[in-house]
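**Q** Need coordinates for the below:
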Amino acid sequence: MLWWENSFTRIADNRLFLGKEPAEDIAAACGTPLYVYSLARVRENLEQLRHSVSAARSVDFRILYAMKANPHPDILQLLQKDGTGIDAVSPNEAEAALAAGFSRESIFYTGTSVSRDDLHRIFRIGGMTITIDAEEQLEIMQEVKRDFAPDIILPVSIRWNPGIGRGFSPKTVTAGVRSTDGVPIKFGVEETRVIPVMEQAKKMGFRPVGFHQHLGSGWERSDFPDVCDAVEKMISMAAKIHGRSIPLQFLDFGGGFGPRYAEDQDIFPVDEYIRFIDKKMGNQRGLPSVVYLEPGKYLVADAGILLMHVEYVKSGCGSRFVCVNGGTFNTIPRLAIYTKAKHQAVNVSRVQAEKQGPFTIAGNLCESGDVFGCDVMLPEPRRGDILAVLCAGAYCRSMASHFNSRDIPKEIFIENRNEI
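**A** Numbering: from 1, shown residues only. Next up, the predicted model:
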């Protein structure tokens, strides 16, 4: 097996199969560019994570799906039936989760630069735990509370900035002072203000029930020591909060761990991370037993691929270009936004061959950065071939745009082949 094969994407007779169907047959029937998803693969990833947390002795681990990764209704309905909650970062996401069957109590709203209009919509829904991202947010929340719930004590969580941030790209780091490219980190309440913010929230008629952190997205094995340091910092701060007679009901360690995008990627050790949290929580008294994790791409990334048609192969200035009928901004924006992002490309009719690239896979947008990979090794493509870009189930369709007035691809699920 190749490193990327799984129950959804596999090789047979040197062709790529998606589930039981040849990828080229799906492309012929449905057209390209096209997102293809597998609900079965999403369920497998969820079951793997549940297996990892089931061994915990001190902690009741619970899962909040970070739906910004992929908010497709079919995926939401599957996860709702399988008992996850939702991490929503906008009112639209919260409303979509409700429409998919999630209860208000299972939705956690974690916005940033939260507006009065955002809060009006969240308070109208009611019942959700609202995460406070900034001390200044409290004033707006108090004003909106007067309008919608003056007599109800609403549950809130405080998101802090532990001073440690990690991510595969500077643009995905969400804690610390500045990212590695010098941009100030906008998220969370700084350490010295956590307890004062909680106490102020109580005075304003809110009930602090949770403590939250998020370090960033796309952790790799090398990030493990720093991530563990952040866990210890959070547990220590939670103990101080408990010492101020603020009874927390849960800790939320956020997301950050993900799938394998490239062969040389040293993936983050999720099992070790869970065992570490469990051990450290068990060594402290007075802490809540409930711990939330917020996987997004971990659950859905490798449950989706993108199919594109090769229009022609171009030679020029010493390079060879595979020109396809999709653009990164409209299909896999991660490649255009994050310089370190990688997605494996496969020629679905000739997955493996002795004669290979290098080729640059060029999109159809008027933008020099619109490439799916530079100098990648592929069996030599021909006009009419179909390329598959793997691990496209997360932060692809959800981030896609109509740049150049291009369409966003259709989405189908191999289980039912229903177009959405």
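**Q** What are the contacting residues of the lengthiest helix in the chain?
**A** Ranked by residue count, the top helix of the chain under DSSP state H comes out as helix 224-243. With contact meaning C-beta atoms under 8 Å, 6 or more residues apart in numbering, helix 224-243 is reached by 160, 162-164, 166, 175, 191, 194-195, 198, 211, 213, 215, 219, 248, 251, 253, 256, 268-269, 272-273, 276-277, 280-281, 284, 286-288. C-beta here means a position set from N, CA and C on the backbone, and glycine is covered the same way.
**Q** hang on, I277 in a helix?
**A** Yes - according to DSSP: H, G, I helix; E, B strand; the rest coil, I277 belongs to a helix.
**Q** How confident was the prediction at it?
**A** With respect to pLDDT, I277 scores 97.
**Q** quick one, what contacts it?
**A** For I277, the contact set (C-beta under 8 Å, 6+ apart) comprises 56, 59, 231, 253, 291.
**Q** Mind checking which of these land in helices?
**A** Using DSSP H, the members of these that fall in helices are V231.
**Q** Any chance of the contacts of I277 in CSV with distance to R320, neighbour count and pLDDT as columns?
**A** Compiled in CSV, those are given as follows (distance: C-beta to C-beta, whole Å; neighbours: other C-beta atoms under 10 Å; pLDDT from 0 to 100):
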residue, distance to R320, neighbour count, pLDDT
A56, 51, 18, 93
V59, 53, 20, 95
V231, 47, 22, 98
F253, 46, 23, 98
V291, 50, 21, 98
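**Q** Out of the contacts of I277, which two are the most distant from each other?
**A** Pairwise distances across the contacts of I277 (C-beta to C-beta) peak at 13.7 Å, for the pair A56 and V231.
**Q** nearest to G369, of the contacts of I277?
**A** Closest approach to G369 among these (C-beta to C-beta): F253, at 34.0 Å.
**Q** I'd say the closest one and P295 touch.
**A** No - assessed by C-beta atoms under 8 Å, F253 is found out of contact with P295, at 11.0 Å.
**Q** List phi and psi for the residue nearest in space to the middle of the chain.
**A** The centre of the chain sits closest to G296, judged by C-alpha atoms, centre = their mean, with a distance of 3.3 Å. Backbone torsions for G296, taken as degrees, to the nearest 10, come to phi -120, psi -80.
**Q** what's near enough to touch the closest residue in space to S222 that isn't next to it in sequence?
**A** Residue nearest to S222 in three dimensions, not counting chain neighbours: D266, with 6.8 Å by C-beta to C-beta, 6 or more residues apart in numbering. Going by C-beta under 8 Å, 6+ apart, D266 touches 220-222.
**Q** could those residues be laid out in TSV, adding pLDDT and distance to G393?
**A** Formatted as TSV, the contacts of D266 follow (pLDDT from 0 to 100; distance: C-beta to C-beta, whole Å):
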residue	pLDDT	distance to G393
E220	96	19
R221	97	22
S222	96	25
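**Q** R57: neighbour count?
**A** 9 (other C-beta atoms under 10 Å).
**Q** so how far is T192 from the residue nearest to A94 when sequence neighbours are not counted?
**A** Of all residues not flanking A94 in the chain, A88 sits nearest, at 4.3 Å (C-beta to C-beta, 6+ apart). Counting by C-beta to C-beta, to the nearest Å, the gap from A88 to T192 is 29 Å.
**Q** Between these two, which is the more surrounded one?
**A** Legend: neighbour count by other C-beta under 10 Å for A88 and T192, higher for A88 (28 against 7).
**Q** what is the more buried one paired to in the beta sheet?
**A** Note on A88: beta-bridge partners Y109, judged by DSSP bridges.
**Q** One more: R10?
**A** Here R10, judged by DSSP bridges, has bridge partners F17.
**Q** quick one: it and F17 touch, right?
**A** Yes - the criterion here is C-beta under 8 Å, and R10 meets it with F17 at 5.3 Å.
**Q** These two: which has the busier surroundings?
**A** F17 (21 against 17).
**Q** Report the contact partners of that one.
**A** Neighbouring residues of F17 by C-beta under 8 Å, 6+ apart: 9-11, 23.
**Q** Closest one of the residues you listed to G126?
**A** T9 (41.8 Å).
**Q** what's around D117, how many residues?
**A** 10.
**Q** what's the answer for E220, then?
**A** 17.
**Q** For it, give the beta-bridge partners.
**A** Under DSSP bridges, the beta-bridge partners of E220 are I267.
**Q** Go ahead and confirm it touches D264.
**A** No - E220 is not in contact with D264 according to C-beta under 8 Å; the separation is 10.4 Å.
**Q** The biggest strand by length in the chain: what's the following helix or strand?
**A** The single longest strand within the chain, with elements called by DSSP state E, is strand 304-316. Sequence-wise, the next helix or strand downstream of strand 304-316 (DSSP states H and E) is strand 319-324.
**Q** Give me the contact list for the next helix or strand after that following strand.
**A** Downstream of strand 319-324, the next assigned helix or strand under DSSP H and E is helix 328-331. The contact list for helix 328-331 (C-beta under 8 Å, 6+ apart) reads 33, 35, 306, 308, 335-336, 363, 365, 367, 369-372, 389, 392, 396, 400-404, 406-409.
**Q** Mind checking which of those residues are buried?
**A** 33, 35, 306, 308, 335-336, 363, 365, 370-372, 389, 392, 396, 400, 403, 406, 408-409 (16 or more other C-beta atoms under 10 Å).
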